[in-house]
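Q: how would this look folded up:
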Amino acid sequence: MFIGLHGCGESKTVCDCEMGGFVIVHAPKGEVTEIALTGAACRDAKANCTDDRRGGDRFIAGCEQYTIAGTAAGECSVHVRTKTNGTREEVRTIEDHRDQGCCGGFEVAPSSAWEIPIGDAGVSPVTDGG
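A: Below is the predicted model:
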């Protein structure tokens, strides 16, 4: 959805977009020690710490929230290593929606698959990363 704002002879478009282009990893503070990304959809992507006070465009171990933006269409495998449960892998499909106006881009499909809960969310690890 977009809202067109017109006035004084200028035209501006303000987009009200969902967060579909991001994968969010939620974890208890101090639990995540590493996030590795593989696959065509996240070849040049990074897992960035987005905690309020520690955030930025880099990985920091121990954050409670990380964002990963797909960089192409295809699959992105997110390998999350934690202190207590080893490594687990989650695969997300990223679709190319760059032709869909101001909210277009690379988006997680289905859009409900944007979150990867770790630890307190009650999700068990897939593999033991030793």
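
Q: all contacts plus neighbour counts: C-alpha atoms, from now on.
A: Will do.

Q: who are the neighbours in contact with Gly119?
A: Residues in contact with Gly119 (C-alpha atoms under 8 Å, 6 or more residues apart in numbering) are Ala27, Pro28, Glu31.

Q: is it in a bridge, and if so with what?
A: Val123 (DSSP bridges).

Q: Give me the local confidence score for it.
A: With respect to pLDDT, Gly119 scores 73.

Q: Distance check, it against Pro28.
A: Taking C-alpha to C-alpha, to the nearest Å as the criterion, Gly119 is separated from Pro28 by 6 Å.

Q: what residue ranges in the protein score low on pLDDT?
A: 1-13, 17-21, 52-56, 120-130 (pLDDT under 70).

Q: Tell me the secondary structure at the most centrally placed residue in it.
A: Residue closest to the average C-alpha location in the chain (C-alpha atoms, centre = their mean): Val23, at 2.1 Å. Of the three states, Val23 takes strand according to DSSP: H, G, I helix; E, B strand; the rest coil.

Q: Just list the residues touching Asp99, thanks.
A: So, once contact is read as C-alpha under 8 Å, 6+ apart, Asp99 ends up touching Gly105.

Q: all strands for the protein, in order.
A: 2-7, 10-15, 22-26, 32-38, 48-49, 65-69, 74-82, 86-96, 106-109, 115-117 (DSSP state E).
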